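Visitor: Give me coordinates for this.
(chains A and B)
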Amino acid sequence: MMPQLVTVRRRRHNGRWLRLYVPVLPVLLVLSPLLVLAVLVGLVACLATRVSPVGALRGTGQLLWALPGTRIEIEQGRTAVLVTVR
Amino acid sequence: MNEQRRQILQMLVEGKITVDEAERLIDALVREQPESPPGAAPRPKPRPKYLRVVVSSPDNFGGDGPGRVNVRVPLQLLRAGVRLTSLIPPQALTQVNAELTKSGVPIDLTQLKPQHIEDLVEQLDDVTVDVDQPDAKVQVFCE
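Guide: Okay, the predicted model is just below:
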């Protein structure tokens, strides 16, 4: 399943949490012109390094599709960062 | 024979219920408590979906307080990452091999096929690593 929401939480030194919710699909739609450009650059890079562009696209897609469920928590003293992909 | 089934049969013998009623009651009982036949193979263990890495250090590094890292990565993500490694161009692999040999690690990465790495990820299910140190604790396991 494609990732739908990325949550980034950060606890500052003063103990207050900063929460950032990133809805993946709307952000991708907004950034789609840049995304098309990035895909084109990637294709050129694939051709230059003799890597199969189809394989690279498929691999990247599989990587993105496998992201939901990822959770990273890092705490150090009073500061903390939490990233969740749903 | 369990107690409830015995009670139903007792009521049947005493004539309190008919054969049909007894049958229905026993059916209901079986539906409520499905019994596994004796000698049946045990249910297969559910396959783990995530790789967890937990690091906790009670020590006060840098005067900031104790540290803790908790990472949960889907095993599917590892598999997808491993498949991507098959896209590394051969000339890059040759360069990596040369550098590894120079550093005293004579591993030939060109011999490492995606199937081998996939097998490795498959077997990660049973991996549990526990490192206990006075100043830190590391756990790697699948769940």
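Visitor: The chain: helices as residue ranges?
Guide: In the absence of a named chain, this looks at chain A. Listed in chain order, the helices found in chain A under DSSP state H are A:24-30, A:32-48, A:53-65.
Visitor: you looked at the wrong chain, it should be chain B
Guide: Under DSSP H, chain B gives helices at B:3-13, B:19-32, B:75-85, B:90-102, B:114-122.
Visitor: Would you reformat these as JSON lines and include mean neighbour count and distance to chain A?
Guide: (Glycine included, C-beta is placed from N, CA and C.) Below are the helices of chain B laid out as JSON lines (neighbours: other Cβ atoms under 10 Å in any protein chain shown; distance: least, Cβ to the nearest Cβ, whole Å):
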{"stretch": "helix B:3-13", "mean neighbour count": "13", "distance to chain A": "43"}
{"stretch": "helix B:19-32", "mean neighbour count": "12", "distance to chain A": "35"}
{"stretch": "helix B:75-85", "mean neighbour count": "18", "distance to chain A": "4"}
{"stretch": "helix B:90-102", "mean neighbour count": "12", "distance to chain A": "8"}
{"stretch": "helix B:114-122", "mean neighbour count": "13", "distance to chain A": "10"}
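Visitor: rank those helices by pLDDT, which is bottom?
Guide: Comparing mean pLDDT across the helices of chain B, the weakest is helix B:114-122, with a mean of 75.
Visitor: about what we covered before: flag whichever of the helices of chain A has the least confidence on average.
Guide: helix A:53-65 (a mean of 89).
Visitor: Just checking that one against chain B, any contact.
Guide: Yes: using Cβ under 8 Å from any Cβ of the partner chain, helix A:53-65 reaches chain B at A:55-56, A:59-60, A:62-63, A:65.
Visitor: Show me which of those residues are buried.
Guide: A:56, A:59, A:62-63 (16 or more other Cβ atoms under 10 Å in any protein chain shown).
Visitor: still on that earlier bit, mean neighbour count, the helices of chain A: which tops it?
Guide: Of those, the one with the most neighbours on average (mean count of other Cβ atoms under 10 Å in any protein chain shown) is helix A:53-65, at a mean of 15.
Visitor: the inter-axis angle of it versus helix A:32-48?
Guide: 130 degrees (axes from the mean of the first three to the mean of the last three Cα atoms, to 10 degrees).
Visitor: so how far is helix A:53-65 off the chain centroid?
Guide: Helix A:53-65 has its C-alpha centroid displaced from the chain centroid by 14 Å (Cα atoms, centre = their mean, to the nearest Å).
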